[in-house]
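Q: Build the 3D model from these lines:
(one chain, ligands or ions: 1)
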Amino acid sequence: MRLVLLGAPGSGKGTQATRLREHLQVPHISTGDLLRAAVAAGTELGMKAKVVMASGNLVSDDIVLGMLEERLLKPDTANGFILDGYPRNLAQANALEKLLEKIRQPVDVAVQLDVNTDLLVERIAGRAKAEGRADDTPEAVRHRLNVYNESTAPVVDFYRNHGSLVHVDGVGGLDDVFNRIIAAISHTHDVG
Ligand code: B4P
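A: The predicted structure is shown next:
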């Protein structure tokens, strides 16, 4: 199963991807996590990404694609993967399509998690208290939501046009949302 998880910041992508990884037995690849690991390791790429992420902007397409390509080429992706946080704009969507064509692993399904803005802000404020992530400050969150609406929302149409999009209501308990995702993707593969 090759699945792309789409949704605004705070829509539950990372949260649900962790559960889907267990259920589908394929790796969870989060570009946010890859970038945060590079920041924590203090690599040159991490130093560049740190400031951009804290401001709520997108890290440059070249950097993220290079990082993603390296990760997708690891042998554990042979049976599929869950992609979380990528693609975030149309250039990334096109780059991903080319890359996956090259490795003959096209996307099976793109899941868009729908959550209203008030709830997104509330969830991220909760995480800010719990984890203190640098990009969860009110200013950065406002900016991330604007970036999402301008750059990432068109990616939903990209997958709709490819016929691989499913919408899932992301409001509700973690188990409820998870069960909705499983039901929504069950037509693509045997997902148990
Ligand atoms: P990400 O790490 O992708 O962060 P995110 O959009 O906030 O989503 P995340 O997955 O972490 O949160 P979730 O919705 O699960 O990106 C961070 C930054 O990295 C970006 O701003 C950008 O700078 C950079 N970046 C990443 N990918 C990039 C790319 N492709 N190109 C360029 N730059 C890139 O959860 C949020 C909160 O909601 C959590 O506290 C969770 O517990 C809670 N929650 C989730 N589901 C819930 C539910 N059902 N009910 C109640 N709470 C829930």
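
Q: Can you get me a residue count around whichever residue of the chain sits closest to the ligand?
A: At 1.8 Å from the ligand, Gly32 is the closest residue in the chain, using C-beta to the nearest ligand atom. From N, CA and C alone the C-beta is placed, and that goes for glycine too. Gly32 has 19 neighbours, counted by other C-beta atoms under 10 Å.

Q: Was I right to think it contacts Asp84?
A: Yes - counting by C-beta atoms under 8 Å, Asp84 is a contact partner of Gly32 at 7.4 Å.

Q: can you tell me which residues contact the residue of the chain closest to the ligand?
A: Gly32 makes contacts with Gly14, Asp84, Gly85, as judged by C-beta atoms under 8 Å, 6 or more residues apart in numbering.

Q: got the contact list for Val26?
A: Val26 touches Met1, Arg2, Leu3, Thr77, Asn79, Gly80, Phe81, Ile82, counting by C-beta under 8 Å, 6+ apart.

Q: what does the chain put close to the ligand?
A: Residues of the chain that fall close to the ligand, judged by C-beta under 6 Å from any ligand atom: 9-15, 30-32, 35, 52-53, 56-59, 64, 84-86, 88, 92, 123-124, 126-127, 135, 144, 174, 177.

Q: and the contacts of Gly32 as JSON lines, adding neighbour count and secondary structure?
A: Listed next are those as JSON lines, based on neighbours: other C-beta atoms under 10 Å; DSSP: H, G, I helix; E, B strand; the rest coil:
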{"residue": "Gly14", "neighbour count": "18", "secondary structure": "helix"}
{"residue": "Asp84", "neighbour count": "24", "secondary structure": "strand"}
{"residue": "Gly85", "neighbour count": "23", "secondary structure": "coil"}
